[in-house]
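> here are the coordinates; sequence isn't available:
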């Protein structure tokens, strides 16, 4: 068996022969291979943050017009190693009155929730941890463990700031799961499979980023919200609640929350690459798996770069805006994108598919879906801007604020018609 | 024999728990200093002594949001089996499922109109 055609199978054969030679055969050998596989995937997932944190700090440095870490080692590449050692030799403090078991469990759970997602990431068509037939649901379910970890950590710390962070988690991370699951439904629908590998393979000709851009946008945005990073970092907002849920954690326990967050950010990139950017697909990827791995990592890093870019660019969102964005914009939009995808796809399959030759079908289908999505996005933007305008005018006419009125007297917002009547006392009712 | 995939997931869950637990235990047991005192382990509140209990009854609002989430989550999980079978079903079946979607939309409209989605 050639290493370049099936790297995992090659290593597997080699290890099996090795195990047989030392007397481990049959189910025991299979089990040993599974354990080894999990250790490799888990080790890869857990050592990656060492690189990710460095990359992110350098990039954020560039975004903010400074250099970033550049002292420890050449170009500062050992900065994260030094940080890890520092965290390792810090004293481990458990605050008075904390719920010890849950307090210690939370950082471990935060990492577990992200690391277990790596079990199903298809790095190439025959290089993956495992290929579950319910992969899409699997990563949603283990992802919600992370929400639970943050809630538990904030609650168990016996600290009011931490508790506020945990409350905000309930409001944010729980709610953003709704549009995320709805957005995942669209690639599942187009690929008619929940297996991550099958979803990647279904994008061989047209990426779902093009045939379902609205769902891709929603998935990306809500996944970033799930990581709890800027602009959705309400649960650890430094300027408001000091450090939020992890305020009482010190040493390596804090480090594990940190690792979990950075790994989650990259996993968002990897999942976006798998679900919407074709995963390992690309020219010649179906012949050379190593090429597929290269495509996959490139796409994942591009998506990860956008996550960092968002963090560096946007200010923190306000909590009521955050909830309204979720329930009143993203959820209806996600439902709309499902309806549009279902309608366009079914109508195309029923009436138009027969008109085109075999090779062109995927592109025609993608093009039609793109048109449907663009129409949906345009409609959503028109409705959203109209609604925002309506609400703003209503709010302005409800208020009676003579000073503000005088200040705004010279601009062209059309204040002339309600310059003097105070008819908004009802607004105080809630 | 049990499906190999789920054995992998099971072992992976264990390994994924052990990997972060190892540095935490190493840090707190071997490398970290152990010089705790009452002030150090008191609740951190920027230097001010903490007043009252932390674990209090919290605002109803959070409960309502979580309730709305549960309703939607259950509704959406029903859509996944359908999504997988979508390429095989007829146009009529697709329209029927759209009816189900409109029930979800109706639920959203109801909680919206009730003011449950307002942050107060």
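Yep, it's here. Bear in mind that the values here come from a model prediction, so they are computed numbers and not experimental data.
> which residues are in contact with residue 32?
Assuming you mean chain A. By CB atoms under 8 Å, 6 or more residues apart in numbering or on different chains, residue A:32 lies in contact with A:19, A:24. The C-beta positions use only the backbone N, C-alpha and C, and glycine is treated the same way.
> I was thinking of chain B, sorry if that wasn't clear
Contacts of residue B:32 were listed using CB under 8 Å, 6+ apart, and they are A:88, A:89, A:90, A:91, A:92, A:251.
> state the number of residues packed around the second one.
The number of residues packed around residue A:89, counting by other CB atoms under 10 Å in any protein chain shown, is 13.
> does it touch residue B:28 like I think?
No: applying CB atoms under 8 Å as the test, residue A:89 and residue B:28 come out as separate, 10.8 Å apart.
> ignoring the adjacent residues along the chain, who's closest to the residue with the largest distance to the centre of chain B?
In chain B, counting by CA atoms, centre = their mean, residue B:35 sits farthest out from the average C-alpha position, at 36.4 Å. Spatial nearest neighbour of residue B:35, chain neighbours left out: residue A:91 (6.8 Å); criterion: CB to CB, 6 or more residues apart in numbering or on different chains.
> can I take it that the one you found is in a strand?
No: judged by DSSP: H, G, I helix; E, B strand; the rest coil, residue A:91 forms no part of a strand; its state is coil.
> now do the contacts for it.
Neighbouring residues of residue A:91 by CB under 8 Å, 6+ apart: A:250, A:251, B:32, B:33, B:34, B:35, B:36.
> so is the last one in a helix, a strand, or just coil?
Per three-state DSSP, the secondary structure class of residue B:36 is coil.
> return the residues in contact with the residue nearest to it when sequence neighbours are not counted.
Distance criterion CB to CB, 6+ apart; nearest residue to residue B:36, sequence neighbours excluded, is residue A:93 at 6.7 Å. By CB under 8 Å, 6+ apart, the contact list for residue A:93 reads A:248, A:250, A:251, B:36, B:40, B:41.
> low pLDDT regions in chain B?
For chain B, the stretches flagged by pLDDT under 70 are B:1-3.
> please, where are all the helices along it?
B:4-26, B:60-77, B:79-85, B:91-113 (DSSP state H).
> check whether the second one comes near chain A.
Yep, that's helix B:60-77 we're talking about. Yes: counting by CB under 8 Å from any CB of the partner chain, contacts between helix B:60-77 and chain A involve B:61, B:62, B:65, B:66, B:68, B:69, B:72, B:73, B:76, B:77.
> which residues sit against that helix?
By CB under 8 Å, 6+ apart, the list of residues contacting helix B:60-77 reads A:137, A:167, A:170-171, A:174-175, A:177-178, A:181-182, A:185, A:323, A:327, A:331, B:103-104, B:107-108, B:111, B:116-117, B:119-120.
> for residue A:123, helix, strand, or coil?
Quick answer, by three-state DSSP: residue A:123 is strand.
> tell me who's in contact with it.
Residue A:123 sits in contact with A:280, A:292, A:293, A:296, A:297, where contact means CB under 8 Å, 6+ apart.
> any idea how far chain B is from it?
15 Å (CB to the nearest CB, to the nearest Å).
> still on that earlier bit, let me have the helices of chain B in CSV, extended by mean neighbour count.
Formatted as CSV, the helices of chain B follow (neighbours: other CB atoms under 10 Å in any protein chain shown):
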stretch, mean neighbour count
helix B:4-26, 18
helix B:60-77, 16
helix B:79-85, 18
helix B:91-113, 14
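> dump the ones you listed to a markdown table, plus distance to residue A:189.
Conversion of the helices of chain B to a markdown table gives the following (distance: least, CB to CB, whole Å):
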| stretch | distance to residue A:189 |
| --- | --- |
| helix B:4-26 | 23 |
| helix B:60-77 | 12 |
| helix B:79-85 | 4 |
| helix B:91-113 | 10 |
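> let me know the helix or strand that the residue nearest in space to the middle of chain A is in.
Central residue of chain A (CA atoms, centre = their mean): residue A:223, 2.7 Å from the mean position. Here residue A:223 sits within helix A:213-227, counting by DSSP states H and E.
> and that helix, how far from the chain's centre?
Chain-centre distance of helix A:213-227: 6 Å, with CA atoms, centre = their mean, to the nearest Å.
> cool, and stretch A:263-273?
For stretch A:263-273, the distance to the chain centre is 6 Å (CA atoms, centre = their mean).
> got a list of contacts for that stretch?
Outside stretch A:263-273, the residues that touch it by CB under 8 Å, 6+ apart are A:45-46, A:48-49, A:52, A:56, A:111, A:114-115, A:117-118, A:121, A:139, A:146, A:216, A:219-220, A:223-224, A:226-227, A:229, A:279, A:296, A:299-308.
> out of the residues you listed, which end up buried?
A:45-46, A:48-49, A:52, A:56, A:111, A:114-115, A:117-118, A:121, A:139, A:146, A:216, A:219-220, A:223-224, A:226-227, A:229, A:279, A:296, A:299-301, A:303-304, A:307-308 (16 or more other CB atoms under 10 Å in any protein chain shown).
> mark which of the residues you listed are part of strands, please.
Among these, no residue falls in strands (DSSP state E).
> give me the subset of those lying in helices.
A:45-46, A:48-49, A:52, A:56, A:111, A:114-115, A:139, A:146, A:216, A:219-220, A:223-224, A:226-227, A:296, A:299-301, A:303-304, A:307-308.
> just these that are near chain B?
A:45, A:46, A:111, A:115.
> on that earlier part again, quick one: the residue nearest to the centre of chain A and residue A:194, what's the gap?
Using CB to CB, to the nearest Å, residue A:223 is found at 17 Å from residue A:194.
> now residue A:331
Relative to residue A:194, residue A:331 is positioned 21 Å away (CB to CB).
> the more surrounded of those two?
Using other CB under 10 Å as the criterion, residue A:331 and residue A:194 rank with residue A:331 on top: 25 against 22.
> I'd say that one and residue B:107 touch.
No: look at residue A:331 against residue B:107 with CB under 8 Å: they stay out of range, at 10.5 Å.
> now render the residues of helix B:60-77 next to chain A as JSON lines, adding distance to residue B:9.
Formatted as JSON lines, the residues of helix B:60-77 next to chain A follow (distance: CB to CB, whole Å):
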{"residue": "B:61", "distance to residue B:9": "36"}
{"residue": "B:62", "distance to residue B:9": "32"}
{"residue": "B:65", "distance to residue B:9": "31"}
{"residue": "B:66", "distance to residue B:9": "27"}
{"residue": "B:68", "distance to residue B:9": "30"}
{"residue": "B:69", "distance to residue B:9": "25"}
{"residue": "B:72", "distance to residue B:9": "26"}
{"residue": "B:73", "distance to residue B:9": "21"}
{"residue": "B:76", "distance to residue B:9": "22"}
{"residue": "B:77", "distance to residue B:9": "19"}
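> do stretch B:96-112 and chain A come into contact?
Yes: interface with chain A: stretch B:96-112 contributes B:97, B:98, B:101, B:104, B:105, B:108, B:112 (CB under 8 Å from any CB).
> between these, which is nearest residue B:88?
Distance to residue B:88 across the residues of stretch B:96-112 next to chain A (CB to CB) is lowest for residue B:97, with 12.9 Å.
> wait, that closest one sits on residue B:82?
Yes: here residue B:97 reaches residue B:82: they are 5.4 Å apart, a contact under CB under 8 Å.
> okay, and the common contacts of those two?
Counting by CB under 8 Å, 6+ apart, nothing touches both residue B:97 and residue B:82.
> picking that back up, contacts only, for the residue nearest to the centre of chain A.
Here residue A:223 is in contact with A:180, A:268, A:271, A:272 (CB under 8 Å, 6+ apart).
> how about 6 Å then?
Residue A:223 makes contacts with residue A:268, as judged by CB atoms under 6 Å, 6 or more residues apart in numbering or on different chains.
> and it, how far is that from residue A:8?
Distance from residue A:223 to residue A:8, counting by CB to CB: 27 Å.
> and the residue lying closest to residue B:83 once chain neighbours are set aside, what's its pLDDT?
Distances taken as CB to CB, 6+ apart place residue A:189 nearest to residue B:83, at 4.1 Å, with adjacent residues excluded. We have a pLDDT of 87 for residue A:189.
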